[in-house]
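A.B. asks: Build me a model from this:
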Amino acid sequence: MNAINNDSQNKKGRGKTATIHLAVWTFTWVFSLALFAFGPKLLWDYDPTFTVIALCINFGFGFKMIMANKHHLSRMDEMQRKIQLEAMAMSLGISMVFGAAYGLIEATRLLSHSPNPSNILFVMGISYGVSVAIGSRRYM
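C.D. replies: Alright, predicted model coming up:
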């Protein structure tokens, strides 16, 4: 009985560590994205060398974040993975439908200005968060 409790605690500890690593790499990637977005104007006066370096750093941190997410998923139990998979599927579907329509808004003259592609990221994040909440409520 004690061995089962130890194994359960080890899984929880590994899951918590994976969550912390994912949070760190996500924060680092978001910071590098901000550096890539605002650095050229605010820090290095559009010098292409620094901009390419910032882009490469962003890709590197993005890759590490993706690998941390993969590792995080591998540390989850089956139910948590099912919730995440369903949330990712909903987020992908909603983002694709929204993104395709959103990209045509200017061409169909519903808006006088160009749509901002970063808005798709907000839709993706919100739909993912809502889907995780719904899945957690449904299965827990």
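A.B. asks: Check the offset of the lengthiest helix in the chain from the chain's centre.
C.D. replies: Longest helix in the chain, counting residues (DSSP state H): helix 2-42. Put simply, helix 2-42 sits 11 Å off its chain's centre (CA atoms, centre = their mean, to the nearest Å).
A.B. asks: List the buried residues for the helix or strand following it?
C.D. replies: Where DSSP states H and E defines the elements, the next helix or strand beyond helix 2-42 is helix 48-74. Buried positions in helix 48-74, judged by neighbour count with 16 or more other CB atoms under 10 Å: 50, 54, 57-58, 61-62, 64-65, 68-69, 72. To be clear about C-beta, it is placed using only N, CA and C from the backbone, and glycine gets the same treatment.
A.B. asks: Let me see the domain layout of the chain.
C.D. replies: 1-75, 77-140 (automatic domain parsing).
A.B. asks: Mean pLDDT for those domains - can I get that in JSON lines?
C.D. replies: Formatted as JSON lines, those follow (pLDDT from 0 to 100):
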{"stretch": "domain 1-75", "mean pLDDT": "89"}
{"stretch": "domain 77-140", "mean pLDDT": "91"}
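A.B. asks: quick check: angle from the longest helix of the chain to helix 48-74?
C.D. replies: Here helix 2-42 runs at 160 degrees with respect to helix 48-74, directions being taken by axes from the mean of the first three to the mean of the last three CA atoms, to 10 degrees.
A.B. asks: Quick one: list the elements packing against helix 2-42.
C.D. replies: helix 48-74 (3 or more CB pairs under 8 Å, 6 or more residues apart in numbering; DSSP states H and E).
A.B. asks: And the helix it packs on, what does it pack against?
C.D. replies: Using 3+ CB pairs under 8 Å, 6+ apart: helix 48-74 touches helix 2-42.
A.B. asks: Does residue 120 touch residue 95 like I think?
C.D. replies: Yes. Using CB atoms under 8 Å, residue 120 makes contact with residue 95 at a distance of 5.9 Å.
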